[in-house]
Every structure is written in structure tokens, then in C-alpha cells.
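**Q** predicted structure and sequence below. I'll ask about it afterward.
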Amino acid sequence: MKSFSQSWPLLAAVSVVFAISCARQGNPSGGPKDLLPPEMVESEPANGSTGFSGKTITITFNEFVVLDKIQEKFMISPPTAKKPQVVLKGKNLVVTIDEKLRDSTTYTLYFQDAIKDLNESNILSNFQFVFSTGTYIDSLTFSGAVYDAFTLEIPENVMVMLHSNLADSAPYKLIPDYISQVGINGFFTLNNLRPGDYRLYALEDVNNNRKFEQGDESFAFLDTLITITPEKHFVPVLPKDTVPEADTLEVPEHDSLEVHGHDSLNIKKDTVIIIPERILFTSKSPAERYYLTGQARRQSGLLEFYFSMPLDTFKFEFSAEGAGPDSYLTEVSRNRDTFRIWIKDSLLFSNPRIDAIIKYPLTGKEGRTDYTTDTVPLRFSEPTGRRAVPVRLPGLVANVSGGGIPPGRDIRITSSVPVARADLSKISITETTDSLKKPLSFTPRFDLLDPRNIELSHSLPEGKNYVLTLFPGLITTIFGTSNDTTVLRFTVRPVASYGTLLAKLTGYEGKVIVQILDGNEKLVMEQLAESPGKVNFKFIDNGTYRLKVIYDNDGNAVWTTGDFRQKQAPEAVSFYDEPIEVKSNWDMEIDWDISRQNRKVDKLRKQTGIRRQ
């Protein structure tokens, strides 16, 4: 297995430096508007104190302040079992720690951007308060960055954790020794560390317990130890007289990180330049526990139940008072993780509340899976004046709704409601030329995997206009309702109205998935390929696209997420450096060296209008 430490340096989407600057000093000198952030003028104990044994910390500012989302943004590292209380009293911010702290330990209070002044909302950015229960302040620092493994974007609400307990069970059972929040640029720093060996993790802490819940939370890990040493991880704040008298500081060279467009940066004096030492890639591990994730009743006659994992070998059973075996239909999704109960009995679906009794597999904390039975109340109210009906008339949609299809593509008709029976003679396709209509032949068939779908094979010539008519009675639903007339006009677009893209892949040996994405990075089309080799995309509409590759290490033809229990990293991805502009009647060829994994260039967003959310 390829380690994270081998792949992390290849991410080109990140800036290579970030700065920790001293707080701006001084009071406003006058003028119509206060532009300065609040300033700490004193504290009890002093910032950087040792021998702390109290329960409260009082920080006084030079003006009245407000707290913005303090419960979300405030952190203490190392974390305590119970989160400290933070309140305001006039110009004083009071932190109360209601438990015994560790001996000889340096603590850091992180406020991020939660503190603002009262009048102008000027933010006191990255404010930290440090104290120690021992005789000295630990002063070592570790830095890095975190990105989403599939998109290479900056994940939201992710914390980084260091564990001195090196057991694999530590992130599940123990709170970490040190924590820090990932910033808006993807970077993080863990400050005031003591020397030693650690495990490094990143976690989307959904339930705020600082522990990893597999399958529920995005997670990242390194498969190598992090060794914190004074020689490597001591980063002093430089005195002013030691900083060069230049306008810029040159970015130090770094053997393992690619630099894009940052030969030098405008860095304020009194600043420390920090190079990210590791990059983590988050993903959600495969679920390992069976449980009900949700339920819904969006229509009076439709009950839906969602599960954490496909119920491959397990059963799902439904019952309700007054629901006989013929009064409902159970519809199962293709991967068996969603069950829909379509109520056919009007006495049942007209009830504003249905108490569904469901039996399903549930995995307990000890890891054992047994069947459980729950009563789930589901409510639905018809708008005033309407009669309760299970569904309105069934909707029929077809893949010609956009006005045209490529040559050779079958026409697919889909019903919004399960079909009880169909009369395929109620379909016609006619060619229209001026006022003339010419009936055409086609071959209809049901989709065996999904009986809601009807497919029409045809040999319609390109460049002509057609009308698809779906007459009443084409389908009869399980509720006895039938479709209205639906008329769809479309063309079989000429081959010349599309573009073609041929990508020659080099620099990597193995199976890959190559994707074309639109400007919002939504999937347009994809193909499986072998690298080195070629992949040829046809029938692409005019537009600007992104090109993405997934390194399909397990050969299952889909992106595979990371799995901490199996020590499996998520499959790497990369993006082509430039936007791909596709034009009608144009064959485009590109050479793509995909040897560098986890690569994404930020400048592409400016050229294609893509914005980081």
C-alpha cells in the first residue's frame, strides 16, 4: 500500500506558506471609524504563565467585545473532558475550567475569529492564550494542511488531532493530546507541543466528542509516526531587529512540495514562515454498523426508510394497523439501502399519521447485529380543501426532454410511480417535416432492473425533427391511476454538433477512471481506462470542462474511500492543469502525464469561473 507520506507532496492546489503575525498594537488615533481589532490589555493569570492551579482565566480588553459562535469556535488543547465555559462580563472575558488539569502540561486556548469589538465588529483573528500547570511552557510547533480526498477542496469543520497513545483504538476511545482547527486555507498548526512520538489524524467531529465514529464522520490518518523534536519543530517569534530590512521574504525551498506562483510573498516583519510538514486527505470510511438513518413521508401514500448500509443478507419488514398484505407495495433501491412503502389502501393513506412498525438489522456498540423492531410515526397533511390521494397523476419523463439526443442513443421513458401494467402500443414516434408527419418504427422494452423504465431502440436519422407521443393508458400505476397525454419534441442531433476529446495517458501504470466535469465540478461523463493508454470521449456539448482522473487501485470501477480499520488510504485523484474547451465538430487531443497524484491547480478556478464554497 502506498503511504500518505508518499502522496501528500504532490498537491499543487495549496499555497506553500502561511504566516503567524503578531497582533496589531496601539489604540485608534482618531478618524471617523474604528478599524482596529480589540486588544488584550491585561489578564489573570498573565498570558504565558506557569504554575497555573486555578479554575478561571480572566482576559481584559481595551473595549467592549462580543462573541460570535463561541461554542463552535473555541477549543482548548490538550482538550478537557468537559469543555470550559466562556462568558463576557463587561470588557472581561472569563474562561472557567471545571475539572482538574494535567500536571506539568502546557494548555492553549484557541478563540479563532470568535472575538469582535462591539461597535464595528472588527475581528481579533487567531487569538490564543497559553498557560502551563508546570514550570515551563512547551514551545514546539507542528504544521500541515487538510484537503478532501475526492475533490481536493478544503473541508469544513475539520479538526486535527495528535495522540500520544499510539494504539489504533486511540481515536475511537480517547480524547487527543492536542487539537487544532483547520483554517479557511486548509492549513493548521498545533502549538505548544512537548517532544515525543504521536499519531496524526484529521476529523469532522459531527457529535463534538473529539472521537472518531467510523462511517459517520470524515477522517484522515497518516500511516507513519510523527516525531516532535526541538531540533525540527521549534519555531521562535523573530525579534524585529533580526528580520531583514526588505519588503519581502523569500519563500524557503522545500524538496517535497511543489510551488505555483509564489516566488516571494509580501510578509510583514515580525512574522514566522511555516512550511506544511504533512498533508492529510479526508474521506468517510465505509459504514460498519447497521442502523436506520432516516425516514420520510413526502406524499400521503409513500413511506420511505433509509439505512446506513445495504441490507444485502438482511430482511426489512413493514406493518401498520389496518395494512393487509395487499394494501401496499415494497420497492427496494438497487443497492438495498432505501425501502419505499407505497400505500394503496385509501383508508390507510388518508390518515394524517401512520404508525409504521418496522423490523430491521441494528448493530450494537459491541459490534453484534440483531433484528430490532421500532414504531415510527410518519405524518402528512393534505392542503386545505384537497381530497387525500396517494399520489397525483403519474409523471412521465424522457431523456429527450432537453430537445435532442446523440445519434444511436436509446430513448428512455421513466414513470414517477411504480407501474402495475403497461400498454406499449400507446407510444408513437413521428418525423415532422413542415406539416407532414411520418410514423416511424422502434422497439419498446421494459428495463428488467427497474420496471419504472421503458426503453425505445431506434434507428432515427440525425438532423431531423421528431415528436414522441405518450398516449393515455400507456401505464397504469399500482394505485390504478393512468398517465395523461405527453408530447415531447426532439431531434437527433448531428454528430457535427458535438465535440470529441481524446486524452493520451502516460506516467502511471494501472486502472483509472477518467471523468469530464462541468464548471461546478458535476460529473458529465466518465470512462474506465488503462494507463498508459487512450480514452476517447464523444458527443460532448460545447463548453469548458475540467478533466479528472481517479486511480482505481482495487479495480472496482468506482472511487474507493479510505478505511482506517483496514489501514487503507482513499484512492488518489488528480485534475488536469488547464480547463478543457470543447467546440462543435472539433476533435481535441491532449497528452496527460498522470504520474503526480492529488494534484489540483487553483488558477483553474479563475479561468472557468469556479469558486471555492
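**A** On my side now, so go ahead. Predicted, not measured: the structure shown is a model, and the values here were computed from it.
**Q** got the contact list for the closest residue to residue 336 other than its chain neighbours?
**A** What sits nearest to residue 336 in space, not counting adjacent residues and going by C-beta to C-beta, 6 or more residues apart in numbering, is residue 310, at 4.3 Å. In this view, the C-beta of every residue, glycine as well, is placed from N, C-alpha and C. With contacts defined as C-beta atoms under 8 Å, 6 or more residues apart in numbering, the neighbours of residue 310 are 335-337.
**Q** by neighbour count, which of those wins?
**A** When neighbours are counted as other C-beta atoms under 10 Å, the busiest of those turns out to be residue 337, with 17 neighbours.
**Q** now do the SS call for the residue nearest to residue 278 when sequence neighbours are not counted.
**A** Nearest-residue entry for residue 278: residue 144, 4.2 Å, with adjacent residues in sequence omitted and distances by C-beta to C-beta, 6+ apart. Under the three-state scheme (DSSP: H, G, I helix; E, B strand; the rest coil), residue 144 adopts strand.
**Q** show the pLDDT at residue 144.
**A** Predicted confidence (pLDDT) for residue 144: 91.
**Q** from residue 202, how far off is it?
**A** Summarising the geometry, the distance separating residue 144 from residue 202, computed by C-beta to C-beta, to the nearest Å, is 9 Å.
**Q** where do the contact lists of these two overlap?
**A** Contacts common to residue 144 and residue 202, judged by C-beta under 8 Å, 6+ apart, are 160, 280.
**Q** OK, contacts around the residue nearest to residue 278?
**A** Contacts for residue 144 were tallied using C-beta under 8 Å, 6+ apart; they are 160, 187-188, 200, 276-280.
**Q** the same query, at a cut-off of 6 Å, please.
**A** By C-beta atoms under 6 Å, 6 or more residues apart in numbering, the contact list for residue 144 reads 188, 276-278.
**Q** who wins for most neighbours among these?
**A** Comparing these by number of neighbours (other C-beta under 10 Å), residue 276 comes first, having 25 neighbours.
**Q** so which helix or strand takes in it?
**A** Assigned by DSSP states H and E, residue 276 belongs to neither a helix nor a strand.
**Q** give me every residue that touches it.
**A** When the contact criterion is C-beta under 6 Å, 6+ apart, the partners of residue 276 are 143-145.
**Q** with residue 570 instead?
**A** Listed by C-beta under 6 Å, 6+ apart, the contact set of residue 570 reads 149, 283, 561-562.
**Q** now do 10 Å
**A** Under the criterion of C-beta atoms under 10 Å, 6 or more residues apart in numbering, the contact partners of residue 570 comprise 4, 148-150, 219-220, 281-285, 550, 553, 559-563, 598.
**Q** then residue 331?
**A** 302, 304, 338-342, 417-418, 450-452, 478.
**Q** what residue spans form the domains of the chain?
**A** 1-23+102-110+128-284, 292-379, 396-493, 498-608 (automatic domain parsing).
**Q** quick one: low-confidence residue ranges for the stretch 201-350 of the chain.
**A** Low-confidence segments of the stretch 201-350 of the chain, defined by pLDDT under 70, are located at 214-215, 235-275.
**Q** just the strands in the stretch 501-613 of the chain please.
**A** 523-540, 543-551, 573-575, 580-582, 587-593 (DSSP state E, counting those that start in this stretch).
**Q** okay, now the sheet partners of the longest one, with direction.
**A** Strand 523-540 has its sheet partners listed here by DSSP bridges as strand 499-517 (antiparallel).
**Q** just the buried positions in the partner strand, please.
**A** For strand 499-517, a neighbour-count test (16 or more other C-beta atoms under 10 Å) marks 499-501, 503, 505, 508, 511-517 as buried.
**Q** try stretch 350-368
**A** 350-351, 354, 356, 358, 360-363.
**Q** mean confidence for stretch 461-475?
**A** Averaging pLDDT residue by residue across stretch 461-475 gives 92.
**Q** tell me how far that stretch lies from the chain's centre.
**A** Remark: stretch 461-475 is offset 40 Å from the chain centroid, using C-alpha atoms, centre = their mean, to the nearest Å.
**Q** buried residues in it, which are they?
**A** Of the residues in stretch 461-475, those buried under the neighbour-count criterion (16+ other C-beta under 10 Å) are 462, 466, 468, 470, 474-475.
**Q** redo those as JSON lines? Include distance to residue 579 and secondary structure.
**A** Formatted as JSON lines, the entries for those read as follows, by distance: C-beta to C-beta, whole Å; DSSP: H, G, I helix; E, B strand; the rest coil:
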{"residue": "462", "distance to residue 579": "29", "secondary structure": "coil"}
{"residue": "466", "distance to residue 579": "34", "secondary structure": "strand"}
{"residue": "468", "distance to residue 579": "35", "secondary structure": "strand"}
{"residue": "470", "distance to residue 579": "40", "secondary structure": "strand"}
{"residue": "474", "distance to residue 579": "43", "secondary structure": "coil"}
{"residue": "475", "distance to residue 579": "43", "secondary structure": "strand"}
